[in-house]
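Visitor: Fold the following for me, if possible:
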Amino acid sequence: MRILVTGANGLLGTELCRQLLEMELTTDITAVDNYYTSKPSNHTQFNRRNRYHFVEHDVTVPKVWDIEFDQIYHLACPASPVHYQKDQNYTLKTNISGMQHMLDLAELTGAKIVQASTSEIYGDPTVHPQPETYWGNVNTLGPRACYDEGKRVCETMCTISSVETSIARIFNTYGPYMAVDDGRAISNFIAQALKNKPITVHGDGLQTRSFCYVSDTVRALIELMNTTTAGPVNIGNPDEVTLLDLANEIVELCNSSSKIVHTDSAVDDPQRRCPDISLARELLDWEPTVDRTTGLKYTIQYMRDHI
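Guide: Model prediction:
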């Protein structure tokens with residue numbers, strides 16, 4: 001099985017490569033990343049594996065490949081507001097141009113694509129929890145639109161393509177190898193707590209999220225790849241928590257002296273976010289197995305070693 005993974009050096013990509021290399025059917029992995037949001041050290045653990053080949057490349061740039069791939073996991077795109085708002089044009093281009101280049105490659109080689117979409121498809125939802133049938137409540141002109149709309153266009157591109165695709169709508173994922181400066185709640189809170197600095201919570205902190213440990217998310221992506229399900233399929237953990245409760249939990253787990261401070265609410269910040277994973281349970285026989293406390297302990301240890 002010859003597999004291409006784009007965005008292979010990020011949080012999801014690193015764990016995906018690890019799990020794929022443990023599978024007997026995997027004969028060759030070509031891992032692609034341009035280090036836009038990640039460090040080269042993420043993939044050094046695989047460099048001596050003769051089935052792993054890293055290529056530094058930007059998916060917005062066309063490339064001629066001399067390999068006929070069987071599967072393509074298309075993960076490449078900055079995923080946190082801090083990173084995707086840094087250059088909104090580039091984020092949009094990464095989504096649309098990157099998707100088109102992968103569809104073109106799949107058409108040439110006969111590969112199947114799993115497209116990493118996002119819960120941001122749902123925007124600030126008015127339906128809770130969010131099923132795949134919900135069309136979303138997205139501000140198309142707001143600061144998050146470059147990412148939200150980019151991913152929505154990618155879903156359309158997959159849907160109208162003749163290539164075999166599966167769409168994964170991924171909810172908040174965390175774990176080792178996430179960037180310390182990721183800018184999202186868990187990485188921010190842990191970094192602040194480990195330094196005994198104030199924990200900054202946007203707004204009143206009563207907005208909710210559901211956090212899925214990275215190994216669980218990746219298991220679902222692999223299951224989705226190996227089905228005929230086109231999707232979209234929600235992949236996430238329905239264990240919903242307020243950001244205020246999450247911050248307090250992280251302070252306690254870090255044995256930190258940090259105090260919680262409230263800052264202005266972020267623009268278009270979703271007030272509730274939780275997946276309905278009925279389809280994933282039915283079609284993939286999948287659900288999360290790592291509870292939040294256990295996952296946070298693993299993540300805290302990783303970040304403690306890298307701050």
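
Visitor: What ranges does the protein have for its helices?
Guide: Using DSSP state H, the helices of the chain run over 11-21, 81-84, 88-109, 145-160, 185-194, 214-225, 243-253, 278-284, 292-306.

Visitor: closest one to residue 175 among the ones you listed?
Guide: Each of the helices of the chain has some distance to residue 175 by CB to CB; the shortest is helix 214-225, at 3.2 Å. Heads up, the C-betas are built off the backbone N, CA and C, glycines and all.

Visitor: I'd like to know which elements that closest one is packed against.
Guide: Here helix 214-225 touches helix 11-21, strand 71-74, strand 112-118, strand 165-170, strand 173-174, strand 233-235, helix 278-284, going by 3 or more CB pairs under 8 Å, 6 or more residues apart in numbering; DSSP states H and E.

Visitor: List the contacts of that helix.
Guide: Contact with helix 214-225 is made by 11-12, 15-16, 19-20, 23, 71, 73, 112, 114, 116, 166, 168, 170, 173-178, 231, 233, 235-237, 280, 284-286, 288-290, as judged by CB atoms under 8 Å, 6 or more residues apart in numbering.

Visitor: Pull the contacting residues for residue 49.
Guide: Residue 49 touches residue 21, counting by CB under 8 Å, 6+ apart.

Visitor: Relative to residue 191, how far out is it?
Guide: Distance from residue 49 to residue 191, counting by CB to CB, to the nearest Å: 30 Å.

Visitor: Chain neighbours aside, what residue packs nearest to the residue lying farthest from the centre of the chain?
Guide: With distances taken from the mean C-alpha point of the chain and given as CA atoms, centre = their mean, the most distant residue is residue 257, at 30.4 Å. Counting by CB to CB, 6 or more residues apart in numbering, residue 196 is the residue found nearest to residue 257 once chain neighbours are left out, at 4.8 Å.

Visitor: residues touching that neighbour, list them.
Guide: With CB under 8 Å, 6+ apart, residue 196 has these contacts: 256, 257, 258.

Visitor: would you turn the residues you listed into JSON lines with pLDDT?
Guide: Shown next, in JSON lines, are the contacts of residue 196 (pLDDT from 0 to 100):
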{"residue": "256", "pLDDT": "96"}
{"residue": "257", "pLDDT": "96"}
{"residue": "258", "pLDDT": "95"}
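
Visitor: of these, closest to residue 83?
Guide: Once CB to CB is applied, the member of the contacts of residue 196 that ends up nearest residue 83 is residue 258, at 24.0 Å.
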